[in-house]
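**Q** Test case, fold it:
(one chain, ligands or ions: 1)
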Amino acid sequence: MTKGLFITLEGGEGSGKSTQIERLKERLEKQGYDVVATREPGGTPEAEKIRDLLVQRDGGRWTPMAEVLLFFTARIMHVEDLIKPALAEGKIVISDRFTDSTRAYQSAGHGLPADQIEAINALCLNGFEPDLTLILDIDPKTGIERSLKENQTGGTENEDRFEKLDLRFHENLRQGYLDIAGHEPARCKIIDARDGITQIADQIAQSVFDKISAR
Ligand code: TMP
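**A** Numbering: from 1, shown residues only. Here you go, the predicted model:
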(Lines give C-alpha, C1' and ligand atoms only; values in the text may rest on other atoms or scores of the structure.)
Protein backbone atom coordinates (compact mmCIF):
# COMPACT_ATOMS: atom_id res chain seq x y z
CA MET A 1 0.00 0.00 0.00
CA THR A 2 1.33 3.50 -0.82
CA LYS A 3 1.80 5.61 2.23
CA GLY A 4 0.62 9.19 2.04
CA LEU A 5 2.30 12.28 3.38
CA PHE A 6 1.36 14.07 6.60
CA ILE A 7 2.08 17.80 6.56
CA THR A 8 1.31 20.25 9.37
CA LEU A 9 1.25 24.04 9.37
CA GLU A 10 2.04 25.78 12.62
CA GLY A 11 2.41 29.32 13.87
CA GLY A 12 1.12 31.99 16.21
CA GLU A 13 -2.02 34.06 15.77
CA GLY A 14 -2.33 35.81 12.41
CA SER A 15 0.50 33.88 10.80
CA GLY A 16 -1.71 33.19 7.76
CA LYS A 17 -1.97 29.38 8.02
CA SER A 18 -5.49 29.04 6.64
CA THR A 19 -4.76 30.96 3.45
CA GLN A 20 -1.58 28.99 2.90
CA ILE A 21 -3.33 25.67 3.43
CA GLU A 22 -5.87 26.57 0.73
CA ARG A 23 -3.06 27.55 -1.64
CA LEU A 24 -1.05 24.41 -0.97
CA LYS A 25 -4.08 22.17 -1.41
CA GLU A 26 -4.85 23.80 -4.79
CA ARG A 27 -1.27 23.40 -6.00
CA LEU A 28 -1.04 19.77 -4.98
CA GLU A 29 -4.41 18.94 -6.53
CA LYS A 30 -3.32 20.58 -9.79
CA GLN A 31 -0.42 18.12 -9.80
CA GLY A 32 -2.86 15.25 -9.39
CA TYR A 33 -2.44 14.54 -5.67
CA ASP A 34 -5.37 13.54 -3.50
CA VAL A 35 -5.38 16.02 -0.61
CA VAL A 36 -7.28 16.20 2.69
CA ALA A 37 -7.14 19.53 4.55
CA THR A 38 -8.03 19.40 8.22
CA ARG A 39 -7.45 21.27 11.48
CA GLU A 40 -6.78 20.97 15.20
CA PRO A 41 -8.40 21.03 17.55
CA GLY A 42 -11.03 19.36 15.39
CA GLY A 43 -11.17 17.52 12.11
CA THR A 44 -13.74 14.85 13.06
CA PRO A 45 -17.23 15.23 14.61
CA GLU A 46 -16.05 14.22 18.09
CA ALA A 47 -12.90 16.34 17.95
CA GLU A 48 -14.94 19.35 16.74
CA LYS A 49 -17.12 18.98 19.87
CA ILE A 50 -13.98 19.16 21.99
CA ARG A 51 -12.85 22.18 19.96
CA ASP A 52 -15.98 24.02 21.13
CA LEU A 53 -15.04 23.31 24.76
CA LEU A 54 -11.54 24.65 24.19
CA VAL A 55 -11.93 27.71 22.01
CA GLN A 56 -15.43 29.11 22.45
CA ARG A 57 -16.22 31.87 24.91
CA ASP A 58 -18.66 29.73 26.87
CA GLY A 59 -16.64 26.49 26.55
CA GLY A 60 -15.62 26.38 30.20
CA ARG A 61 -12.59 27.14 32.36
CA TRP A 62 -10.04 24.33 32.31
CA THR A 63 -6.89 23.88 34.33
CA PRO A 64 -3.74 23.80 32.14
CA MET A 65 -3.38 20.01 32.48
CA ALA A 66 -7.09 19.39 31.81
CA GLU A 67 -6.72 21.54 28.71
CA VAL A 68 -3.75 19.50 27.47
CA LEU A 69 -5.71 16.29 27.98
CA LEU A 70 -8.63 17.73 26.00
CA PHE A 71 -6.30 18.67 23.12
CA PHE A 72 -4.94 15.13 23.13
CA THR A 73 -8.39 13.53 23.38
CA ALA A 74 -9.37 15.44 20.24
CA ARG A 75 -6.04 14.54 18.63
CA ILE A 76 -6.44 10.79 19.22
CA MET A 77 -9.83 10.84 17.48
CA HIS A 78 -8.42 12.95 14.64
CA VAL A 79 -5.44 10.64 14.09
CA GLU A 80 -7.35 7.36 14.32
CA ASP A 81 -10.52 8.35 12.43
CA LEU A 82 -9.20 10.70 9.78
CA ILE A 83 -5.43 11.10 9.43
CA LYS A 84 -4.25 7.48 9.50
CA PRO A 85 -7.01 6.15 7.21
CA ALA A 86 -6.30 8.92 4.66
CA LEU A 87 -2.55 8.23 4.77
CA ALA A 88 -3.21 4.51 4.32
CA GLU A 89 -5.08 5.41 1.11
CA GLY A 90 -1.98 7.28 -0.10
CA LYS A 91 -3.45 10.77 0.39
CA ILE A 92 -1.62 13.92 1.41
CA VAL A 93 -3.04 15.20 4.70
CA ILE A 94 -2.49 18.86 5.59
CA SER A 95 -3.39 19.78 9.14
CA ASP A 96 -3.74 23.30 10.46
CA ARG A 97 -1.90 22.66 13.78
CA PHE A 98 -0.94 19.41 15.54
CA THR A 99 1.17 18.37 18.57
CA ASP A 100 3.66 21.22 18.08
CA SER A 101 0.82 23.61 18.98
CA THR A 102 0.53 21.90 22.37
CA ARG A 103 4.31 22.09 22.81
CA ALA A 104 4.35 25.77 21.87
CA TYR A 105 1.12 27.04 23.49
CA GLN A 106 0.79 24.88 26.59
CA SER A 107 4.50 24.42 27.36
CA ALA A 108 6.51 27.35 25.96
CA GLY A 109 3.52 29.72 26.37
CA HIS A 110 1.80 28.57 29.55
CA GLY A 111 4.76 26.92 31.23
CA LEU A 112 3.59 23.32 31.52
CA PRO A 113 6.66 21.07 31.83
CA ALA A 114 7.71 19.84 28.39
CA ASP A 115 8.47 16.33 29.66
CA GLN A 116 4.86 15.94 30.86
CA ILE A 117 3.56 16.86 27.41
CA GLU A 118 6.00 14.43 25.79
CA ALA A 119 4.90 11.65 28.17
CA ILE A 120 1.23 12.22 27.30
CA ASN A 121 2.11 12.41 23.62
CA ALA A 122 3.98 9.09 23.77
CA LEU A 123 1.05 7.46 25.56
CA CYS A 124 -1.63 8.85 23.22
CA LEU A 125 0.07 8.81 19.83
CA ASN A 126 2.86 6.28 20.25
CA GLY A 127 5.43 8.29 18.27
CA PHE A 128 3.12 9.37 15.45
CA GLU A 129 4.47 12.68 14.07
CA PRO A 130 4.11 14.65 10.83
CA ASP A 131 6.46 13.96 7.92
CA LEU A 132 6.89 17.69 7.40
CA THR A 133 6.02 20.69 9.58
CA LEU A 134 6.01 24.21 8.20
CA ILE A 135 6.24 26.86 10.89
CA LEU A 136 5.00 30.28 9.78
CA ASP A 137 7.09 32.69 11.77
CA ILE A 138 5.91 36.23 12.41
CA ASP A 139 6.62 38.93 14.95
CA PRO A 140 3.77 38.65 17.51
CA LYS A 141 2.62 42.29 17.27
CA THR A 142 2.08 42.03 13.52
CA GLY A 143 0.38 38.64 13.90
CA ILE A 144 -2.05 39.79 16.59
CA GLU A 145 -2.97 42.92 14.59
CA ARG A 146 -3.65 40.75 11.54
CA SER A 147 -5.75 38.28 13.46
CA LEU A 148 -7.84 40.99 15.16
CA LYS A 149 -8.53 42.50 11.72
CA GLU A 150 -9.64 39.09 10.43
CA ASN A 151 -12.08 38.71 13.32
CA GLN A 152 -13.53 42.18 12.66
CA THR A 153 -14.11 41.28 9.03
CA GLY A 154 -16.31 38.33 9.97
CA GLY A 155 -13.78 35.63 10.84
CA THR A 156 -14.27 33.19 13.70
CA GLU A 157 -16.19 35.53 16.00
CA ASN A 158 -16.87 33.00 18.78
CA GLU A 159 -13.33 31.83 18.98
CA ASP A 160 -11.30 34.42 20.77
CA ARG A 161 -9.90 32.85 23.93
CA PHE A 162 -6.34 32.42 22.81
CA GLU A 163 -5.87 35.75 21.05
CA LYS A 164 -6.49 37.76 24.21
CA LEU A 165 -3.35 36.51 25.90
CA ASP A 166 -0.60 39.08 26.37
CA LEU A 167 2.34 39.93 24.17
CA ARG A 168 4.88 38.19 26.42
CA PHE A 169 2.90 34.97 25.96
CA HIS A 170 3.10 35.37 22.17
CA GLU A 171 6.83 36.03 22.34
CA ASN A 172 7.34 32.84 24.36
CA LEU A 173 5.16 31.00 21.90
CA ARG A 174 7.25 32.18 18.97
CA GLN A 175 10.44 31.14 20.75
CA GLY A 176 8.84 27.78 21.51
CA TYR A 177 8.27 27.17 17.81
CA LEU A 178 11.82 28.24 16.94
CA ASP A 179 13.15 25.80 19.56
CA ILE A 180 11.05 22.94 18.16
CA ALA A 181 12.47 23.64 14.70
CA GLY A 182 15.98 23.80 16.16
CA HIS A 183 15.57 20.37 17.75
CA GLU A 184 13.98 18.73 14.73
CA PRO A 185 15.51 20.28 11.61
CA ALA A 186 14.73 17.24 9.44
CA ARG A 187 10.99 17.53 10.11
CA CYS A 188 10.48 21.27 10.60
CA LYS A 189 11.00 24.22 8.31
CA ILE A 190 10.65 27.86 9.34
CA ILE A 191 8.87 30.06 6.80
CA ASP A 192 9.10 33.86 7.06
CA ALA A 193 5.43 34.88 7.30
CA ARG A 194 6.16 38.60 6.69
CA ASP A 195 6.56 37.88 2.98
CA GLY A 196 3.68 38.28 0.52
CA ILE A 197 1.07 35.52 0.26
CA THR A 198 2.36 34.24 -3.09
CA GLN A 199 6.00 34.24 -2.01
CA ILE A 200 5.11 32.28 1.12
CA ALA A 201 3.00 29.86 -0.95
CA ASP A 202 6.00 29.33 -3.27
CA GLN A 203 8.32 28.56 -0.36
CA ILE A 204 5.83 26.14 1.17
CA ALA A 205 5.21 24.36 -2.15
CA GLN A 206 8.96 24.05 -2.69
CA SER A 207 9.44 22.44 0.73
CA VAL A 208 6.60 20.01 0.09
CA PHE A 209 7.84 19.03 -3.38
CA ASP A 210 11.37 18.59 -1.96
CA LYS A 211 9.95 16.24 0.70
CA ILE A 212 7.96 14.29 -1.89
CA SER A 213 10.95 13.82 -4.15
CA ALA A 214 13.21 12.84 -1.22
CA ARG A 215 10.91 9.88 -0.40
P1 TMP B 1 -6.72 28.28 15.43
O2 TMP B 1 -6.85 29.69 15.87
O3 TMP B 1 -5.48 28.01 14.64
O4 TMP B 1 -7.95 27.73 14.80
O5 TMP B 1 -6.50 27.38 16.78
C6 TMP B 1 -7.31 27.48 17.87
C7 TMP B 1 -6.56 27.89 19.11
O8 TMP B 1 -6.19 26.73 19.85
C9 TMP B 1 -5.27 28.66 18.86
O10 TMP B 1 -5.29 29.85 19.64
C11 TMP B 1 -4.18 27.76 19.35
C12 TMP B 1 -4.86 26.87 20.34
N13 TMP B 1 -4.26 25.54 20.47
C14 TMP B 1 -3.53 25.23 21.63
O15 TMP B 1 -3.40 26.07 22.52
N16 TMP B 1 -3.00 23.98 21.74
C17 TMP B 1 -3.14 23.02 20.80
O18 TMP B 1 -2.64 21.89 20.94
C19 TMP B 1 -3.89 23.35 19.59
C20 TMP B 1 -4.08 22.32 18.52
C21 TMP B 1 -4.42 24.62 19.49
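**Q** Spell out which parts of this protein neighbour the ligand.
**A** Glu40, Pro41, Val55, Phe71, Asp96, Arg97, Ser101, Thr102, Tyr105, Gln106, Phe162 (Cβ under 6 Å from any ligand atom). Just so you know, the C-beta spots here come from the backbone N, C-alpha and C atoms, and that holds for glycine as well.
**Q** Checking Trp37 next. Helix, strand or coil?
**A** One thing to correct before we go on: residue 37 is Ala, not Trp. Going by DSSP: H, G, I helix; E, B strand; the rest coil, the secondary structure assigned to Ala37 is strand.
**Q** and the residues of the chain next to the ligand as CSV, adding neighbour count?
**A** Formatted as CSV, those follow (neighbours: other Cβ atoms under 10 Å):
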residue, neighbour count
Glu40, 24
Pro41, 24
Val55, 17
Phe71, 24
Asp96, 19
Arg97, 22
Ser101, 24
Thr102, 22
Tyr105, 23
Gln106, 21
Phe162, 17
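**Q** For the lowest-mean-pLDDT helix or strand in the chain, which residues meet the burial criterion?
**A** Confidence across the helices and strands of the chain bottoms out at helix 140-152, with a mean of 81, counting by mean pLDDT, DSSP states H and E. Going by neighbour count (16 or more other Cβ atoms under 10 Å), the buried part of helix 140-152 is Pro140, Gly143, Ile144, Arg146, Ser147, Leu148, Glu150, Asn151.
**Q** got the contact list for the spatially most central residue of the chain?
**A** Nearest to the mean C-alpha position of the chain, counting by Cα atoms, centre = their mean, stands Arg97 at 1.2 Å. Applying Cβ atoms under 8 Å, 6 or more residues apart in numbering to Arg97 gives the contacts Thr8, Leu9, Glu10, Lys17, Arg39, Glu40, Pro41.
**Q** Quick one: mean pLDDT for the helix or strand harbouring the first one?
**A** This means Thr8. Using DSSP states H and E, Thr8 falls within strand 5-11. Average pLDDT, strand 5-11: 98.
**Q** just stretch 186-193 next, same as before
**A** On average, stretch 186-193 scores 97.
**Q** With that, I have no additional questions.
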